[in-house]
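Peer 1: What shape does this take:
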Amino acid sequence: MASRTQIRWPLADATTPELVLEPFNSEPTFKTRIYATLKHAIANMEIYRTSEDTWLDERQLAEKLGVSRTPIREAIAMLEQQGFVKSIPRRGVMVLRKTKREVIEMIQVWAALEGMAARLVSLNASGKDIARLRKLFEEFNDSHKPSDYVGEYSTANLTFHQTLIEMTGSSVLRSMTEDILLHVRGIRQITIGRDDRASQSIKDHLAIIDALERRDTELAEKLSRDHTLGLAVYVEKHSEGIFD
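Peer 2: Purely as a prediction, here's the structure:
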């Protein structure tokens with residue numbers, strides 16, 4: 001069998017067809033920026049605090065963002081492709097909530113990823129970076145208990161988990177956790193104020209930070225994973241008012 005002629009690019013001569021490529025514009029497109037804005041807004045809507053459907057209105061979104069409806073539609077189409085919203089004819093755009101089983105599975109995946117994040121941080125992060133994690137909780141003490149300041153603690157809690165992922169420096173980990181976080185953060189915000197979970201949460205976080213500071217990689221990974229798996233167990237047993 002005759003061998004095929006291989007065309008390599010860049011070309012050494014002009015006797016074969018030339019592959020012409022236009023350089024990419026590194027600036028994000030308009031619709032991409034709107035997509036990111038809407039996705040961030042959806043993440044902050046606390047869609048699991050109510051069992052009622054949450055709807056988006058294209059016209060109102062366009063007015064609030066000061067843009068035409070065309071890039072809004074394009075951004076919504078991107079959100080729909082990724083399973084965040086669903087366009088329903090003559091009704092609008094509904095923000096999609098995950099089922100109880102889906103959320104539990106997402107938390108379990110998050111636990112595995114966060115365990116790896118703790119391992120990477122233990123191995124690679126500077127002491128200064130790890131100190132940032134401890135600083136998140138320094139204002140909480142016996143006179144300023146997490147259970148008495150649930151709103152403040154909830155913010156610190158979410159920041160801890162996001163910062164741990166970011167400190168890995170792994171773009172793959174950040175990408176894998178980004179979409180999961182949209183739903184998991186909503187569940188964390190709801191459950192953190194129940195059954196004094198905030199008090200146990202800060203103990204878990206400080207134990208994780210202790211392990212990171214000692215560079216106890218195996219323990220840091222295990223504690224981080226078990227901490228998040230604890231949320232999955234709680235949701236399994238105590239999901240009243242979340243998925244009803």
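
Peer 1: check contacts around residue 182.
Peer 2: Shown in contact with residue 182 (Cβ atoms under 8 Å, 6 or more residues apart in numbering): 39, 42-43, 84. In this view, the C-beta of every residue, glycine as well, is placed from N, C-alpha and C.

Peer 1: State the helix or strand in which it lies.
Peer 2: Element membership for residue 182 (DSSP states H and E) is helix 171-191.

Peer 1: Can you list the buried residues in that helix?
Peer 2: 173-174, 176-177, 180-191 (16 or more other Cβ atoms under 10 Å).

Peer 1: hang on, the earlier thing: okay, among the contacts of residue 182, which ones form the most distant pair?
Peer 2: 43 and 84 (9.3 Å; Cβ to Cβ).

Peer 1: Please say which of those two ends up with more neighbours.
Peer 2: More crowded of residue 43 and residue 84, by other Cβ atoms under 10 Å: residue 84, with 20 against 17.

Peer 1: Now do the same contact list for the more buried one.
Peer 2: Contacts of residue 84 by Cβ under 8 Å, 6+ apart are 39, 42, 95-96, 182.

Peer 1: what do you get if the cut-off is 7 Å, keeping everything else the same?
Peer 2: Applying Cβ atoms under 7 Å, 6 or more residues apart in numbering, we find residue 84 in contact with 39, 42, 95-96.

Peer 1: By pLDDT, rank these and give me the bottom one.
Peer 2: The lowest pLDDT within those belongs to residue 42, with 84.

Peer 1: The helix or strand that contains it relative to helix 171-191, how many degrees between them?
Peer 2: Using DSSP H and E, residue 42 sits in helix 30-43. Using axes from the mean of the first three to the mean of the last three Cα atoms, to 10 degrees, the direction of helix 30-43 lies 40 degrees away from that of helix 171-191.

Peer 1: going on from helix 30-43, what's the next piece of helix or strand?
Peer 2: Taking DSSP H and E, what comes next after helix 30-43 is strand 54-56.

Peer 1: before we move on, the earlier item: now, which of the contacts of residue 182 sits nearest residue 70?
Peer 2: Nearest to residue 70 out of those is residue 39 (Cβ to Cβ; 18.3 Å).

Peer 1: Is there a neighbour count for that closest one? I'd like the number.
Peer 2: For residue 39, the count of nearby residues is 18 (other Cβ under 10 Å).

Peer 1: Return the residues in contact with it.
Peer 2: The contact partners of residue 39, by Cβ under 7 Å, 6+ apart, come to 79, 84.

Peer 1: Tally up the residues packed near residue 118, please.
Peer 2: Neighbour count of residue 118, defined by other Cβ under 10 Å: 28.

Peer 1: Repeat that for residue 90.
Peer 2: 4.

Peer 1: Shouldn't it be within a helix?
Peer 2: No - secondary structure assignment (DSSP: H, G, I helix; E, B strand; the rest coil) places residue 90 in coil, not in a helix.
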